[in-house]
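> Turn this into a structure:
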Amino acid sequence: MKRVMILLTAVALACAAVIATAVLPHVRAKAATTFSFAVAGDLGANSNTSGVINAVAASGSALFWPIGDLSYSQVPSESDWCDYVHTRLGANYPVELLPGNHEDNDGPDGFIGNFASCLPDRIGGVQGTYPDEYYVDYPAANPLVRFVMISPGLDLNANGTNWSYKQGTTHYNWTASAIDGARAAGIPWVVVGMHEYCLSLVNHSCFISDDLMNLLVSKKVDLDLQAHDHAYSRSKQLALGPGCAAISSTSFNSSCVADANPASSYTAGNGTVIATVGSGGRSINSQDPTLAWAPYFQTYMGSNNNATYGFLKVNVSDSQLSAQFVRGAGGSYTDSFSLTKPVSTSSPTPTPTPTPTPTPTPTSTPAQASVRSSATYAGTTSESSSTVPMPAGWQPGDVVYVGYELTASTGSITVPPGWVEAVPHFRSASSTSSLTGVLRRVMQAGDPNSLTVSHSSGRFAAISAAIQGADNTTPEDATPTVDNNTGIAFPNVEIPSITPVQQDALLLDFAAIRNGTNGSVTTFTAPTGMTEVAQVASAVSGTSNAAIEMSFAALTSNAATGINDATVQTPGGTAANPMGSAIAVRSTG
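Below you'll find the model as predicted:
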């Protein structure tokens, strides 16, 4: 009898193993090398929603992320919606929640805490606060992805205010830390999800803040998932870099596109792909491909283009993310894209050589200072105080420079507390009405995201730029140089030579000018061999305006840089009072 019992037990265990493998798609080996996940937002509980969730069930996806706006009260209660999902996916299938504006503290279609009670986390290992703001590594034993799920713009505070993810806030810093932690742990992929959007193909302002969007792009998050726009759109691969200090949510800059491969086959690590997946079943709205920022997008689906309810299925391995839009109901729209890590070209391990005695102290090449991001300010009235935004994504320890131009009769400025004049203000040789200079600060945790500059009443334009990798103790490698442009005529702005001490200093050039034609706006062309950081001009009708341009070059020699010339264009054909300055920023080490 004992032998029979042992045999029956063994058979039962074997059968259980087979069932777990064959019937439950989310049960997997700890050292999984591939898996798939599904994502969609704006769902409801109608026939279109059923089509989408049934398609998820048939897709073989191990996880489903409904990224906000869940039931729309199309069933009586939150628990009824959970039952609706359980009926189609199974009671134990990992449905990992994230709130939308329809289930935050404002409602009106239930509350996220109630949804989470009947759809709890089933992955395990969640860090943070499920389901509002958390990250989780999957699979747990050998993670391929860190999912960072956040709730910008939603009313989740006890006092009825929305969660802010602007630079310097607790939520912004938490997100940055979660991403950095994944990179430090060597996790191959980082995917960020949220309900509301910044860039999408509808004419609406950024819900989540440009700061957060640029944080994700600056850290080259692989995939940025969002909803709220009841449609599907997918960007090209975006990145910050030369010519793109920050992405604007209201305009297009081709320098911010890292890859627009027509086949949508991108190289991983080069940038971020943004996917709006608000196609979960509630309704489909139209998309506008004529918007100023529309060129950031590679494809879209909406009520005006093959309206199709569906979800995004993402297949994951350690070397590739490949994604497909999967239909659930409606039209026949499709999309696919991939991110593939470059093949390693490492050399064979060399034959060991004897260690010399004594062992030399290892040395490392210090990182060269570089422009992290920038922001601009353009006055629209004559004013005596101007508030300049700080660059998106600045970090404590960054050196921020603010170059400005003030157009005012014998004008002057007051240096703000905590800031110094890297370039003391000076006037153009041809007029006392044109003043320029550069302010500087080593940023500290908790610093505000703007700088208010008091000055004589006039027109004011400014550029702020965050420099990473700069020496925090002595940011300027040599005394900055200035040129009041004596005898320099339109269209040139002369920027003086500077001789750095280091061979790897970062050269910053500033070209400032007062537009001599009332009401028109000056534009610049950066000096030859320089990369433009930004340019901006005030826009006050009926008077002359202030304008400034900033450019940079990574130096490889400590020889004199020589005189550089920016050029200007203006609708009126002239510009007056040019001024130039140069700073060599010392790199760390």
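
> And the helices in this structure?
For the chain, the helices defined by DSSP state H occupy 2-23, 47-58, 78-89, 112-118, 170-184, 210-218.

> Return the set of buried residues in the fifth one.
Buried positions in helix 170-184, judged by neighbour count with 16 or more other Cβ atoms under 10 Å: 171-176, 178-179, 181-182. No exception for glycine: its C-beta is placed from N, CA and C like everyone else's.

> ok, now stretch 251-267?
252-253, 255-259, 264, 266.

> any idea which of the buried residues of helix 170-184 is closest to residue 577?
residue 172 (39.8 Å; Cβ to Cβ).

> mind checking how far the residue lying closest to the closest one once chain neighbours are set aside is from residue 393?
Nearest residue to residue 172, sequence neighbours excluded (Cβ to Cβ, 6 or more residues apart in numbering): residue 165, at 4.9 Å. According to Cβ to Cβ, to the nearest Å, residue 165 stands 12 Å off from residue 393.

> what's the answer for residue 531, then?
Distance from residue 531 to residue 393, by Cβ to Cβ: 18 Å.

> The two: which has the busier surroundings?
More neighbours surround residue 393 than the other of residue 531 and residue 393, with 26 against 15 (other Cβ atoms under 10 Å).

> Could you double-check that that one lies in contact with residue 215?
Yes: here residue 393 reaches residue 215: they are 4.9 Å apart, a contact under Cβ atoms under 8 Å.

> Overlap of the contact sets of those two?
Shared contacts of residue 393 and residue 215 (Cβ atoms under 8 Å, 6 or more residues apart in numbering): residue 167.

> Quick one: end-to-end distance for stretch 295-315.
27 Å (Cα to Cα, to the nearest Å).

> no no, stretch 256-271
Stretch 256-271: ends 9 Å apart by Cα to Cα.

> Common neighbours of residue 165 and residue 393, please.
Contacts common to residue 165 and residue 393, judged by Cβ under 8 Å, 6+ apart, are residue 211.

> Give me the below-cutoff pLDDT ranges for the stretch 1-150 of the chain.
1-32 (pLDDT under 70).

> Distance-wise, check residue 447 relative to residue 147.
30 Å.

> can you check residue 438 too?
Here the criterion is Cβ to Cβ. By it, residue 438 lies 42 Å from residue 147.

> Who are the contact partners of residue 561?
497-500, 507, 553, 555, 582, 584.

> of the residues you listed, closest to residue 46?
residue 553 (57.9 Å).

> Provide the partner residues of the closest one in its beta bridges.
Beta-bridge partners of residue 553, counted by DSSP bridges, are residue 507.

> can you count the residues close to it?
For residue 553, using other Cβ under 10 Å, the count is 17.

> residues in contact with it?
Contact analysis of residue 553 by Cβ under 8 Å, 6+ apart lists 506-507, 509, 529-531, 561.

> can I get the residues you listed in a markdown table with distance to residue 453?
Compiled in a markdown table, the contacts of residue 553 are given as follows (distance: Cβ to Cβ, whole Å):
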| residue | distance to residue 453 |
| --- | --- |
| 506 | 24 |
| 507 | 25 |
| 509 | 21 |
| 529 | 31 |
| 530 | 25 |
| 531 | 26 |
| 561 | 28 |
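
> Would you mind listing the buried residues in the lengthiest strand in the chain?
Assignment by DSSP state E gives strand 450-468 as the longest strand of the chain. Buried residues in strand 450-468, counted by 16+ other Cβ under 10 Å: 451, 453, 455-456, 458-468.

> Provide a list of residue ranges in the stretch 451-589 of the chain with pLDDT below threshold.
Judged by pLDDT under 70, the stretches of the stretch 451-589 of the chain that qualify are 516-520, 571-575, 589.

> in it, which spans are strands?
Remark: strands assigned in the stretch 451-589 of the chain by DSSP state E, counting those that start in this stretch are 481-483, 492-495, 506-514, 523-525, 531-537, 546-554, 564-569, 576-585.

> Make TSV from these and add distance to residue 301 to it.
Below are the strands of the stretch 451-589 of the chain laid out as TSV (distance: least, Cβ to Cβ, whole Å):
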stretch	distance to residue 301
strand 481-483	54
strand 492-495	47
strand 506-514	44
strand 523-525	37
strand 531-537	34
strand 546-554	40
strand 564-569	40
strand 576-585	46
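
> To residue 373, which of these lies closest?
Nearest of the strands of the stretch 451-589 of the chain to residue 373, taken as Cβ to Cβ: strand 531-537 at 9.2 Å.

> Low-confidence stretches in the stretch 251-400 of the chain?
344-366.

> at 50 what do you get?
For the stretch 251-400 of the chain, applying pLDDT under 50 flags the ranges 346-366.

> Was I right to think residue 124 contacts residue 139?
No: here residue 124 lies out of contact with residue 139, judged by Cβ under 8 Å, at a distance of 10.4 Å.

> what about these two, which has more around it?
Applying other Cβ under 10 Å to residue 124 and residue 139 shows that residue 139 carries more neighbours, namely 19 against 9.

> Now stretch 438-454: buried residues?
So for stretch 438-454, counting by 16+ other Cβ under 10 Å, buried means 438-443, 447, 449, 451, 453.

> got those as TSV, with distance to residue 300 columns?
Output for those, formatted as TSV (distance: Cβ to Cβ, whole Å):
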residue	distance to residue 300
438	42
439	42
440	43
441	42
442	43
443	38
447	38
449	32
451	38
453	41
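
> So for the residues you listed, which is the shakiest by pLDDT?
pLDDT across the buried residues of stretch 438-454 is at its lowest for residue 447, which sits at 89.

> Now do the contacts for it.
With Cβ under 8 Å, 6+ apart, residue 447 has these contacts: 168, 390, 396, 441.

> before we move on, what about residue 431?
Taking Cβ under 8 Å, 6+ apart, one finds 514, 576-577 in contact with residue 431.

> Can you say which of the strands of the stretch 451-589 of the chain is packed in most?
strand 506-514 (a mean of 29; mean count of other Cβ atoms under 10 Å).

> Could you give the separation of that strand from the chain centroid?
Its chain's C-alpha centre and that of strand 506-514 lie 27 Å apart, by Cα atoms, centre = their mean, to the nearest Å.

> Spit out the contact partners of the closest residue to residue 249 other than its chain neighbours.
In space, and not counting its chain neighbours, residue 249 is closest to residue 206: 4.0 Å by Cβ to Cβ, 6+ apart. Shown in contact with residue 206 (Cβ under 8 Å, 6+ apart): 197-199, 213, 249.
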